[in-house]
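1. I'll drop the sequence and a predicted model, then ask my questions.
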Amino acid sequence: MQSGKRLICLLIIVSIVLLLGVGIASSKEGVTIRVSFIDEPRERWYWEHLNEFEKLTGTKVVIDFYGFETLYQKNLANSYGHTGEYDVMQLHYPDMGLFDSRGWCYDFTDWVERDKAEFQPEDIHPYQRESHCLFNGRWYGVPMHCNANAFFVRTDIFDKIGVPMPTTWEEVLKAAELVKNQFPEVTPITFEGRRDIQIAIKSIGNMWGFGSYIYDEKTFKPQMDTDAAKKMFELWKNLAPYAPRGVAGYGANENFQYFSQGKAAMTLAWTHAGSNFYEDPNNSKIQGKWKGGFMPGGGSALGGWSMQINNDSKYKEEAWQFLKWLVSPEIEKRLVSNMESPRLSVIANPEIQAKENHQKIYYEILQAKPVMLPKVEPTYELMDYLSSAANSVVSGLASPEEARTKLQDQYLKIMISYGLYKEQ
């Protein structure tokens with residue numbers, strides 16, 4: 001296996017090739033900042049309303065949209081090569097461990113204090129500040145596109161099988177068997193089984209619910225040899241027979257759609273699924289027939305993105321103005337139906353919670369402190385290997401024991417190569 005550093009170098013080379021021929025936007029009449037965004041509905045909303053920011057500040061904004069993997073590679077090439085292509089970068093918050101530790105993003109702690117009255121940092125949920133904003137106690141990002149793993153059931157089906165919404169995995173499996181016997185036309189459960197970030201995040205959450213993190217957070221020794229890891233991989237094996245036949249190829253969108261179409265009784269998804277998918281009058285067949293909450297066993301994992309300023313940007317002040325606008329209390333209140341907010345004035349507001357159930361679910365999960373994803377330099381590799389291991393179990397290509405034994409060895413090599421763990 002190549003070392004973690006070699007893998008990152010390979011990604012950099014590929015990314016730089018992708019950047020060839022790309023010019024940097026400029027404005028003769030004023031300042032133009034360029035932004036990298038994930039291509040999702042919330043981000044598209046900002047793009048549609050950029051004229052509001054431009055009228056407010058006089059700064060022009062150019063946004064480039066990318067898929068998950070390409071966005072990471074673009075940001076990596078931009079930062080490692082000091083190209084200055086993007087002034088503002090949208091980072092999956094676990095990648096703060098690489099980008100912020102390398103000094104690629106700007107520390108705007110002083111500006112947070114300076115603009116405290118306008119920015120209102122105390123209104124951002126404290127757990128959200130810790131996960132998406134702070135690195136080593138300093139402000140590097142603002143939270144956007146926030147969510148957490150949640151568990152959803154079809155209330156009409158559960159009323160008929162006569163059991164409450166499961167709170168443990170044992171109850172989930174028992175409910176799956178009841179659905180299989182009483183509703184043979186309905187798939188008991190659906191989830192993201194594809195080899196990508198989705199199954200890795202849920203694996204971390206499930207393992208946390210079983211009592212352990214993927215590595216010791218003090219020594220960085222991998223924990224795939226623990227009982228919690230064993231139970232996590234066995235869970236994927238036990239869930240797979242109750243899932244759609246092609247679940248090993250399901251990503252987030254396939255999973256959202258399958259449940260929205262009324263084809264499954266249970267699903268593992270993101271907190272925003274209800275507002276963005278299950279209540280969509282144009283695509284959903286289960287409007288008003290679902291309920292969401294904590295992941296069974298208490299293993300909800302925190303997801304989301306952090307908006308950060310490129311340290312090579314020539315327009316850091318203008319970039320900071322853009323970040324403040326993105327998560328301003330006014331904008332967050334306009335986006336209550338789009339995705340969960342990091343601001344307490346939104347998610348803890350009883351009137352908003354009554355109208356927007358996903359905000360209430362998210363607030364309750366945040367209050368319980370869901371497990372955070374790793375924020376270390378080799379996060380990308382850790383998640384990639386974990387997704388491969390979990391997918392191999394779901395697809396039947398490896399047993400739980402084979403998957404976790406192989407992953408423990410891979411994790412040891414990664415942690416040692418980065419100097420995080422010194423083998424005893």
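-> Structure received.

2. which residues of the stretch 1-150 of the chain score low on pLDDT?
-> Of all residues in the stretch 1-150 of the chain, those with pLDDT under 70 make up the ranges 1-29.

3. again, only this time at 90
-> Low-confidence segments of the stretch 1-150 of the chain (pLDDT under 90): 1-30, 41, 145.

4. surely residue 261 is in contact with residue 285?
-> Yes. Using C-beta atoms under 8 Å, residue 261 is in contact with residue 285, at 5.5 Å. All C-beta atoms are positioned from the backbone trio N, CA, C, and that covers glycine.

5. joint contacts of the two?
-> Between them, residue 261 and residue 285 share no neighbouring residue, with contact defined by C-beta atoms under 8 Å, 6 or more residues apart in numbering.

6. how about the strands in the stretch 151-300 of the chain?
-> Under the criterion DSSP state E, counting those that start in this stretch, strands of the stretch 151-300 of the chain are mapped to 187-190, 264-270, 290-293.

7. okay, the ones you listed in a markdown table with distance to residue 345 next?
-> Formatted as a markdown table, the entries for these read as follows, by distance: least, C-beta to C-beta, whole Å:
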| stretch | distance to residue 345 |
| --- | --- |
| strand 187-190 | 34 |
| strand 264-270 | 22 |
| strand 290-293 | 22 |
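
8. of those, which is nearest residue 149?
-> When the strands of the stretch 151-300 of the chain are compared by C-beta to C-beta, strand 264-270 sits nearest residue 149, at 6.7 Å.

9. can you pull the buried residues of that closest one?
-> Using 16 or more other C-beta atoms under 10 Å as the test for burial, strand 264-270 gives 264-270.

10. residue 59 is nearest to which of the strands of the stretch 151-300 of the chain?
-> Counting by C-beta to C-beta, and looking across all of the strands of the stretch 151-300 of the chain, nearest comes strand 264-270 at 31.8 Å.

11. and residue 264, how close does it get to residue 311?
-> Using C-beta to C-beta, to the nearest Å, one obtains 45 Å as the distance from residue 264 to residue 311.

12. same check, this time on residue 304
-> Per C-beta to C-beta, residue 304 is found 22 Å from residue 311.

13. and for residue 188?
-> When distance is defined by C-beta to C-beta, residue 188 is 49 Å away from residue 311.

14. for the two, indicate the residue with more neighbours.
-> Counting neighbours by other C-beta atoms under 10 Å for residue 188 and for residue 311 shows that residue 188 has the greater number, 23 against 18.

15. from what I can see residue 269 touches residue 257, true?
-> No. With contact taken as C-beta under 8 Å, residue 269 and residue 257 are classed as non-touching, separated by 10.9 Å.

16. show me the biggest helix of this protein in terms of residues.
-> Counting residues, the longest helix found in the chain (DSSP state H) is helix 400-417.

17. name the residues that touch that one?
-> For helix 400-417, contacts defined as C-beta under 8 Å, 6+ apart pick out 1, 3-5, 214-215, 220-222, 224-225, 229-230, 233-234, 236-237, 378, 381-382, 385-386, 389-390, 392-393, 398, 421-423.

18. for the record, mean pLDDT for stretch 338-350?
-> Stretch 338-350 shows a mean pLDDT of 96 in the predicted model.

19. next, the buried residues of it.
-> Of all the residues in stretch 338-350, those buried under the rule 16+ other C-beta under 10 Å are 338-344, 346-349.

20. over to stretch 315-330?
-> Going by neighbour count (16+ other C-beta under 10 Å), the buried part of stretch 315-330 is 315-316, 318-329.

21. so can I have JSON lines of these showing secondary structure?
-> Converted to JSON lines, these look like this (DSSP: H, G, I helix; E, B strand; the rest coil):
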{"residue": "315", "secondary structure": "coil"}
{"residue": "316", "secondary structure": "helix"}
{"residue": "318", "secondary structure": "helix"}
{"residue": "319", "secondary structure": "helix"}
{"residue": "320", "secondary structure": "helix"}
{"residue": "321", "secondary structure": "helix"}
{"residue": "322", "secondary structure": "helix"}
{"residue": "323", "secondary structure": "helix"}
{"residue": "324", "secondary structure": "helix"}
{"residue": "325", "secondary structure": "helix"}
{"residue": "326", "secondary structure": "helix"}
{"residue": "327", "secondary structure": "coil"}
{"residue": "328", "secondary structure": "coil"}
{"residue": "329", "secondary structure": "helix"}
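
22. between the residues you listed, which is closest to residue 149?
-> Taking C-beta to C-beta as the measure, residue 149 lies nearest residue 327 of the buried residues of stretch 315-330, at 22.0 Å.

23. separation between the closest residue to the closest one other than its chain neighbours and residue 58?
-> Take residue 327 and drop its neighbours on the chain: the residue closest to it by C-beta to C-beta, 6 or more residues apart in numbering is residue 142, 4.9 Å away. Between residue 142 and residue 58 the computed distance is 21 Å (C-beta to C-beta).

24. one more: residue 81?
-> From residue 81 across to residue 58, the span is 30 Å (C-beta to C-beta).

25. again, but for residue 316
-> Using C-beta to C-beta, which is the criterion applied here, residue 316 is 16 Å from residue 58.

26. per the record, what domains does the protein have?
-> Per automatic domain parsing, the domain ranges recorded for the chain read 4-147+303-367, 154-301+375-417.

27. distance from the last one to the middle of the chain?
-> In other words, domain 154-301+375-417. Between the mean C-alpha location of domain 154-301+375-417 and the chain-wide mean there is a distance of 14 Å, by C-alpha atoms, centre = their mean, to the nearest Å.

28. mind checking the pLDDT average for it?
-> For domain 154-301+375-417, mean pLDDT rounds to 97.

29. mind checking the end-to-end distance for that domain?
-> Distance across domain 154-301+375-417, first residue to last, is 46 Å (C-alpha to C-alpha, to the nearest Å).

30. just the helices in the stretch 101-250 of the chain please.
-> With DSSP state H, counting those that start in this stretch applied, the stretch 101-250 of the chain shows helices at 109-114, 116-119, 126-128, 155-161, 169-182, 197-209, 227-239, listed in chain order.
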